[in-house]
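**Student:** The sequence and its predicted three-dimensional model are supplied below.
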Amino acid sequence: MKLLKHVVIVTGGSQGIGEAIALRFAQEGAAVAVVASSDLGKAQGVCDRITESGGTARPYVCDVRRSASMTALVADVERDLGPVTIALSAAGMFYPTPAGATPDDDFDRMIGVNLKGTWNLIGGVVPGMKARGAGKIICIASVAAVYGVAPFSVYCATKAAIVQMVRALALELAPVGIQINAIAPGNTATPMNAGLRADPRAMAAISASTPSGRPFSAVEDIAAIALFLASDDSRAMHGSCLLADEGVSAGLASSLSQDEA
């Protein structure tokens, strides 16, 4: 087991990518704090799966937009499970934000959850990690950090900001023993996009533009990358962003055969 004796906070851990990461980390021996935005029952459901398999987990809720809520969360986790050694930010929102037609509240909520929520988790765990001289922070970004997706400009901006924040923070945190890195998934199969995956035309279009031929990665694929970053295997990595997008960001996929080209 790669994460024995580790205590992990996973924000956004009650569903999707965060849930898969919480489950995988628990399988590797970590005690996991599964954090939901408001639905404690969803976090409890993930914890039940972990404990039924012999793992250790506790459910929590936190408004990641509020630094005071995050400070309280970290204190609660450390009281219940012990000092936090790994923090993973997977809480996020995704919805269209067309220019000239996006309410202020929609803009602020996206920035608040995706970007400020990541910042608040980092701020919540860094003091303890600094005091102990060790720690790992993993931030879930997106392939939308490296290319535009319309009409999701605010989402793209938050994810690009996370990648750059991770780079800058690595310069600050590496000297005190803290690793910070990011993962940039592409299309990943989660409940949020179940409707899209049920649309044959949409799937055909996505498949045609995906070099690997897999229009959606599995959440377990992203969890495996997160495990690598959380383990000692990644000890040389600081400020990196690992793209996991089925090759989409590598360039334009072509449907032409070599003969046609």
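**Tutor:** Sure thing, it's come through.
**Student:** Could you list the low-pLDDT ranges of the stretch 151-261 of the chain?
**Tutor:** 253-261 (pLDDT under 70).
**Student:** can you give me the strands in it?
**Tutor:** 178-185, 241-244 (DSSP state E, counting those that start in this stretch).
**Student:** what angle separates the longest helix anywhere in the chain from strand 178-185?
**Tutor:** Assignment by DSSP state H gives helix 153-173 as the longest helix of the chain. Orientation check (axes from the mean of the first three to the mean of the last three C-alpha atoms, to 10 degrees): helix 153-173 against strand 178-185 gives 160 degrees.
**Student:** re the thing from before, who wins for proximity to Cys47 among the strands of the stretch 151-261 of the chain?
**Tutor:** strand 178-185 (23.0 Å; C-beta to C-beta). To be clear about C-beta, it is placed using only N, CA and C from the backbone, and glycine gets the same treatment.
**Student:** re the thing from before, for the strands of the stretch 151-261 of the chain, could you give me JSON lines that also reports mean neighbour count and distance to Ala30?
**Tutor:** As requested, the strands of the stretch 151-261 of the chain are arranged in JSON lines below (neighbours: other C-beta atoms under 10 Å; distance: least, C-beta to C-beta, whole Å):
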{"stretch": "strand 178-185", "mean neighbour count": "24", "distance to Ala30": "16"}
{"stretch": "strand 241-244", "mean neighbour count": "18", "distance to Ala30": "20"}
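**Student:** Pipe the ones you listed into TSV and attach distance to Gly251 per row.
**Tutor:** Converted to TSV, these look like this (distance: least, C-beta to C-beta, whole Å):
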stretch	distance to Gly251
strand 178-185	16
strand 241-244	12
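**Student:** the helices in the stretch 51-200 of the chain, which residues?
**Tutor:** 67-80, 104-110, 117-132, 153-173, 194-197, 200-208 (DSSP state H, counting those that start in this stretch).
**Student:** so which of these gets nearest Ala184?
**Tutor:** Closest among the helices of the stretch 51-200 of the chain, once you apply C-beta to C-beta, is helix 153-173, at 6.9 Å.
**Student:** Buried by neighbour count: which residues of the closest one qualify?
**Tutor:** The neighbour-count check on helix 153-173 (16 or more other C-beta atoms under 10 Å) flags 153-163, 165-167, 169-170, 173 as buried.
**Student:** helices and strands around it, which ones?
**Tutor:** helix 104-110, helix 117-132, strand 135-140, strand 178-185, strand 241-244 (3 or more C-beta pairs under 8 Å, 6 or more residues apart in numbering; DSSP states H and E).
**Student:** now for the shortest one, which elements pack on it?
**Tutor:** Under the contact criterion of 3+ C-beta pairs under 8 Å, 6+ apart, strand 241-244 touches helix 153-173, strand 178-185, helix 219-230.
**Student:** what's the first one in contact with?
**Tutor:** With contacts defined as C-beta atoms under 8 Å, 6 or more residues apart in numbering, helix 153-173 is touched by 92-95, 97, 99, 102, 106-107, 110-111, 114-115, 118-119, 122, 126, 137, 139, 141-142, 144-146, 148-149, 179-182, 184, 238-241.
**Student:** which among those end up buried?
**Tutor:** 92-94, 97, 102, 110-111, 114-115, 118-119, 122, 126, 137, 139, 141-142, 144-146, 179-182, 184, 238-241.
**Student:** Only C-alpha atoms, please: export stretch 120-138 in CSV.
**Tutor:** C-alpha atoms of stretch 120-138 as CSV (Å, rounded to 0.1, in the frame of the first residue of the first chain):
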residue,chain,number,x,y,z
ASN,A,120,-8.5,28.1,0.3
LEU,A,121,-7.7,24.4,0.6
ILE,A,122,-4.0,25.2,-0.1
GLY,A,123,-4.1,28.0,2.5
GLY,A,124,-5.8,25.7,5.0
VAL,A,125,-3.2,22.9,4.9
VAL,A,126,0.0,24.7,4.2
PRO,A,127,0.7,26.0,7.8
GLY,A,128,0.6,22.4,9.2
MET,A,129,2.6,21.0,6.4
LYS,A,130,5.2,23.7,6.8
ALA,A,131,5.5,23.0,10.5
ARG,A,132,6.1,19.3,9.7
GLY,A,133,8.4,20.0,6.8
ALA,A,134,6.4,17.8,4.4
GLY,A,135,3.2,17.5,2.5
LYS,A,136,1.6,17.0,-0.9
ILE,A,137,-1.0,19.1,-2.6
ILE,A,138,-2.8,18.0,-5.8
